[in-house]
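**Q** kindly generate the corresponding structure for this input.
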Amino acid sequence: MISSLLVNTATLLLAVVMAPASGATVVTPAPGSPERTAILKVLHHGDARPEARFRIRDFRVVRNGPRAIAYIQGESEVGAFRTILTQEARMPWRAVWGESDGGSNNCYTGARHYAWVVRLIRTYQIDPDMLFPGVTAQAREIKQKAVEDPEAQCVGDLDGGPGGPTSTSRSADRQAPRSSLSALRYGRNGRPRRAIWRSCRSGPRGRGHRMPRAWVRP
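**A** Residues are numbered from 1 along each chain as shown. I've put the predicted structure just below:
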């Protein structure tokens with residue numbers, strides 16, 4: 001009995017040591033609440049048209065002292081989207097990271113984009129998956145794809161992240177290395193090779209994109 005008590009005590013102490021020091025919790029602001037209204041107003045960019053309203057699938061907010069971070073997943077008139085917003089003290093909310101339908105980016109850019117948001121969420125002393133479900137696994141998967149083929153199109157249209165809130169997917173795309181793709185597209189004699197295409201599922205909704213599986217001589 002004494003040995004059982006010692007084991008239980010040790011287990012309890014271990015649980016206390018391993019518990020997060022922060023009391024940050026995930027909350028969902030109620031529809032019509034001032035916080036929810038303020039966040040959605042940032043995403044709408046002042047567009048008051050009825051058709052511009054969002055269909056919200058997930059809405060999560062975490063506060064850590066004077067700082068706050070929010071994750072919203074939903075659908076707009078142009079497609080599905082995921083967005084991260086932050087707030088410092090009493091400053092207005094601002095969108096700092098996003099992925100949406102309507103375009104695609106390569107795995108190299110996507111890996112940087114997802115690694116950035118995982119690091120950001122961790123600064124709020126919370127498990128990233130509690131705020132953004134599945135983000136750590138998705139970041140690992142995209143990172144592996146970037147190692148295998150950095151130019152493959154495996155994420156949707158990106159905004160913010162490493163390039164800042166005003167970056168665009170087109171400018172970020174130019175940061176990817178081109179040497180490996182150039183070597184595949186053209187043979188040693190300079191003649192272009194023909195692409196064999198495959199379909200892949202990417203983006204917030206899993207929209208299909210076509211990307212080169214291999215390059216062969218004509």
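
**Q** for stretch 118-131, give the mean pLDDT please.
**A** Here stretch 118-131 scores 97 as its mean pLDDT.

**Q** quote the end-to-end distance of it.
**A** One end of stretch 118-131 to the other measures 10 Å (CA to CA, to the nearest Å).

**Q** find the least confident helix or strand in the protein, judged by mean pLDDT.
**A** Using mean pLDDT, DSSP states H and E, the weakest-scoring helix or strand in the chain turns out to be helix 179-185, at a mean of 31.

**Q** residues near residue 79, how many?
**A** By the measure other CB atoms under 10 Å, the count of residues near residue 79 is 16. (C-beta placed from N, C-alpha, C; glycine too.)

**Q** please tell me I have it right and it contacts residue 103.
**A** No - using CB atoms under 8 Å, residue 79 is not in contact with residue 103; the gap is 9.6 Å.

**Q** what about the closest residue in space to residue 29 that isn't next to it in sequence, which SS state?
**A** Of all residues not flanking residue 29 in the chain, residue 36 sits nearest, at 3.7 Å (CB to CB, 6 or more residues apart in numbering). Recorded secondary structure, residue 36: helix (DSSP: H, G, I helix; E, B strand; the rest coil).

**Q** how about the contacts made by residue 36?
**A** 29, 30, 59 (CB atoms under 8 Å, 6 or more residues apart in numbering).

**Q** how about the second one, secondary structure?
**A** Classification of residue 30 using three-state DSSP returns coil.

**Q** can you list the buried residues in stretch 65-77?
**A** Neighbour counts using 16 or more other CB atoms under 10 Å place 68, 69, 70, 71, 72, 73, 74, 75, 76 of stretch 65-77 among the buried residues.

**Q** among those residues, which two are most distant?
**A** Greatest spacing in these, by CB to CB: 68 and 75 (23.9 Å).
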